[in-house]
Structure formats: structure tokens, C-alpha cells
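[1] Got a sequence here, can you build the structure:
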Amino acid sequence: MTLYLLEWKIMDQSRVPCFTYFGSMTPADDAAESPGVEMLGRWSNVGNASGACICRAVNYTAVSSWIYNWAPMADISIKPICDDNVARKIISGGEPNYMVNYSHVGDEPEEGETLFMIHYKFHQDKKMDGYRAFAGLSQEQDELDSGACRPLGRWHDIGGGCGMAIAGAKSEEDIFKWAFNWTEICDCQVVPVLTDKQSREVIRGKPDFEQKLELVKKSMAPPSKISLCC
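    I've put the predicted structure just below:
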């Protein structure tokens with residue numbers, strides 16, 4: 001099984017039908033359209049019609065088959081990605097001194113929390129320093145590093161010196177305190193995001209949702225058969 005990071009940006013002309021169609025879907029619909037793919041978490045930045053997903057699949061063919069359904073409406077990038085445990089094993093050349101728990105990746109935000117997506121990229125001349133600092137963290141140091149934030153997951157593109165994290169936080173102070181710890185060796189971009197459940201509640205809650213959905217369904221209906229009889 002390979003872990004993948006998918007990032008998308010909906011095309012401007014496709015925003016309404018894409019949001020509407022996505023908003024009408026259920027978790028059962030998600031599973032039905034992505035056989036062979038285990039979706040671990042998906043988060044949307046509704047403001048600019050973008051987002052990211054972490055998934056696991058036996059091969060890239062299964063991921064491509066799923067993404068093909070959305071490619072007419074969005075530009076989508078796909079790449080392999082490592083979690084903390086695999087990244088530390090690669091960097092240190094041995095088993096990590098503790099294992100990070102990834103069972104909360106798909107969690108909804110807790111009361112008073114907002115979920116944030118953090119993209120990081122090490123400065124070119126600090127890449128190895130950054131990897132060594134990350135790999136050398138003990139469990140206690142790692143937990144202190146994130147402070148009042150609640151990390152759901154962190155993933156790394158080892159070749160590119162960059163990666164992504166999802167965390168819950170109750171204030172901008174909490175999320176930027178964590179980012180500030182790494183400012184000397186990397187750039188961090190932080191944006192608020194919604195889970196699928198939250199996104200769909202927002203989309204379905206608009207007063208014209210049903211009208212838009214009806215139009216989308218009509219546009220997706222197969223054309224009527226044309227009779228060739230005289």
C-alpha cells in the first residue's frame with residue numbers, strides 16, 4: 001500500500017456544479033466512487049475552491065480511476081507522501097524511537113476548534129538541518145513543539161523538503177506559536193479548512209442548493225436516444 005497526497009483547485013467555470021455535486025454526496029457515495037482507495041482525511045478551503053486529501057491505495061491506477069471522475073472540473077496533483085514514522089525511519093536509517101498515532105486523521109474539530117492546514121517548505125540551505133531536527137525529536141519534545149494545538153496528522157515529501165500537516169487550534173496564537181518554532185529553517189503557510197462533513201453542511205445549507213442540484217443533475221443526464229426510423 002502506498003500513501004498519497006492529493007491537492008486540487010476547482011476550475012473557475014466549474015465551481016458551482018462541482019461544489020453542488022460534492023455537497024449532494026454521502027460517505028457511502030465517496031466509497032462507491034473510489035474502489036481500491038482508502039481515504040484517510042480530506043479537507044477543503046472553500047474560499048478559493050481548493051483542498052487536499054490523504055489516501056492509501058495498492059497502486060496508482062486505483063487513485064487515477066477515482067480522480068478521473070473529478071478531472072473535468074478541477075486541476076489535481078498527486079504524489080506519494082510519508083507520515084512521521086516512515087519519514088523518521090528514512091532520515092535516521094532505523095526504526096524511530098517512538099511511533100506517532102495516526103488514528104485521528106479524519107476527526108472533526110472539537111468544541112471551539114478550527115482545523116488548519118499547514119504547508120511547510122525547508123529553506124534550501126537548511127533542508128538537512130530541518131530533517132535532523134525533526135527526526136531527533138523525542139515524543140515529549142514533539143508534543144511540546146505543537147503546544148496547545150491538536151495535531152491530526154503530518155506528512156512529508158522527503159525529496160522536495162516540504163510537507164503538510166492538519167491540526168486543530170482554538171486561536172491564531174496557538175497555531176502560529178507552533179509555526180514560529182520552525183521559522184528559522186522553513187516557511188509555513190497556514191489556512192483554515194473544513195472536513196467533508198462541514199463542507200457539505202455549508203453547501204447544503206444555502207437556500208438555492210436544491211435548485212442548483214436539479215440543474216446539475218439535468219446537465220449530467222445522458223442524451224435521449226435519437227430514433228433512426230422514418
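[2] which residues are contacting the top helix by length along the chain?
    Using DSSP state H to define each element, the chain has its longest helix at helix 209-220. Contact with helix 209-220 is made by 16-17, 20-21, 23-24, 203, as judged by Cβ atoms under 8 Å, 6 or more residues apart in numbering. In short, each C-beta sits where N, CA and C put it, glycine included.
[3] Max pairwise distance over these: which two?
    16 and 24 (12.7 Å; Cβ to Cβ).
[4] among the contacts of helix 209-220, which are in helices?
    Among these, DSSP H puts 16-17, 20-21, 23-24, 203 in helices.
[5] got the contact list for residue 18?
    With contact taken as Cβ under 8 Å, 6+ apart, residue 18 is in contact with 10, 49, 70, 73-74.
[6] more neighbours, residue 16 and residue 24?
    residue 24 (17 against 13; other Cβ atoms under 10 Å).
[7] I'd like to know how far the more buried one sits from residue 49.
    Distance, residue 24 to residue 49, by Cβ to Cβ, to the nearest Å: 17 Å.
[8] Return the per-residue confidence for the residue lying closest to residue 188 once chain neighbours are set aside.
    Once flanking residues are discounted, residue 188 sits nearest to residue 179: 4.1 Å by Cβ to Cβ, 6 or more residues apart in numbering. Looking at residue 179, its pLDDT reads 97.
[9] Now do the helix or strand hosting residue 179: which elements does it pack against?
    Assigned by DSSP states H and E, residue 179 belongs to helix 172-180. The contact analysis (3 or more Cβ pairs under 8 Å, 6 or more residues apart in numbering; DSSP states H and E) places helix 172-180 against strand 114-122, strand 162-169, strand 186-195.
[10] Just say helix, strand or coil for residue 89.
    Classification of residue 89 by DSSP: H, G, I helix; E, B strand; the rest coil places it in helix.
[11] Kindly confirm my reading that residue 126 forms part of a helix.
    Yes. Applying three-state DSSP, one finds residue 126 inside a helix.
[12] Determine the number of other residues adjacent to the nearest residue to it once chain neighbours are set aside.
    Among residues not flanking residue 126 along the chain, residue 185 sits closest, at 3.9 Å (Cβ to Cβ, 6+ apart). Neighbour count of residue 185, defined by other Cβ under 10 Å: 18.
[13] now residue 86
    Neighbour count of residue 86, defined by other Cβ under 10 Å: 15.
[14] likewise residue 105?
    Close neighbours of residue 105, defined as other Cβ under 10 Å, add up to 18.
[15] picking that back up, the helices and strands packed on helix 172-180 into JSON lines, with extra columns for mean pLDDT?
    Shown next, in JSON lines, are those (pLDDT from 0 to 100):
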{"stretch": "strand 114-122", "mean pLDDT": "98"}
{"stretch": "strand 162-169", "mean pLDDT": "98"}
{"stretch": "strand 186-195", "mean pLDDT": "98"}
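[16] Just say which of those is most tucked in.
    strand 162-169 (a mean of 21; mean count of other Cβ atoms under 10 Å).
[17] what are the pairing partners of that strand, and which direction each?
    Strand 162-169 has its sheet partners listed here by DSSP bridges as strand 114-122 (antiparallel), strand 150-157 (antiparallel).
[18] Would you mind giving the orientation angle of it with respect to strand 186-195?
    Between strand 162-169 and strand 186-195, the angle comes out at 50 degrees (axes from the mean of the first three to the mean of the last three Cα atoms, to 10 degrees).
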